[in-house]
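> Build me a model from this:
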Amino acid sequence: MASVGELMQKHAVGVAATAKVSNAVRLMKAAHVSLMPVVEGGRLVGLVTKEVASISGNSTRLVSEVMLKPDLFVEEGMNIEAAADLMIRRHASRVPVINNRNQMLFLGIVTASDIVKEMKK
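Residues are numbered from 1 along each chain as shown. The predicted model follows:
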């Protein structure tokens, strides 16, 4: 069975913690996503959701003020069955992929459809 690192979308978009919430909302709308990684220096430092960003509105608030702790992610070496189980438990359709829990380097995104396509092979 494939690993998450083999399936992930490597050129995924993230947003900086210093960006305005309104910029994060625009990025999420353009990418048609409801969850976006917050990345600083290549590291995953948080997550911003469409719901949280919408509540904050188009204010001048920074992403760092509204982002959630990065507690939803998978490691690149994780097998896709374990990733699928995590995504089902957390009701997530997409999750950030990191290298490991110590460094938290953001590598990409894996989606539920990526995993389903692989499992159907």
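> Look up which residues are beta-bridged to the most centrally placed residue in the chain.
Nearest to the geometric centre of the chain sits residue 96, at 3.5 Å (CA atoms, centre = their mean). With beta bridges defined as DSSP bridges, residue 96 has these partners: residue 109.
> Would you confirm that it contacts residue 104?
No - taking CB atoms under 8 Å as the definition, residue 96 is not a contact partner of residue 104, at 9.4 Å. Bear in mind the C-beta positions are built from the backbone N, C-alpha and C, glycine included.
> Overlap in contacts, these two.
Applying CB atoms under 8 Å, 6 or more residues apart in numbering, one finds that residue 96 and residue 104 are jointly contacted by 44, 70, 73.
> How many neighbouring residues does the last one have?
For residue 73, the neighbour count with other CB atoms under 10 Å is 23.
> please begin residue numbering at 19 from this point
Renumbered: residue one is now 19, and that last one reads residue 91.
> Just the residues contacting the worst-scoring helix or strand of the chain on mean pLDDT, thanks.
Least confident helix or strand of the chain, by mean pLDDT, DSSP states H and E, is helix 68-74 with a mean of 77. For helix 68-74, the external contacting residues (CB under 8 Å, 6+ apart) are 39, 42, 43, 46, 51, 52, 53, 83, 84, 85, 86.
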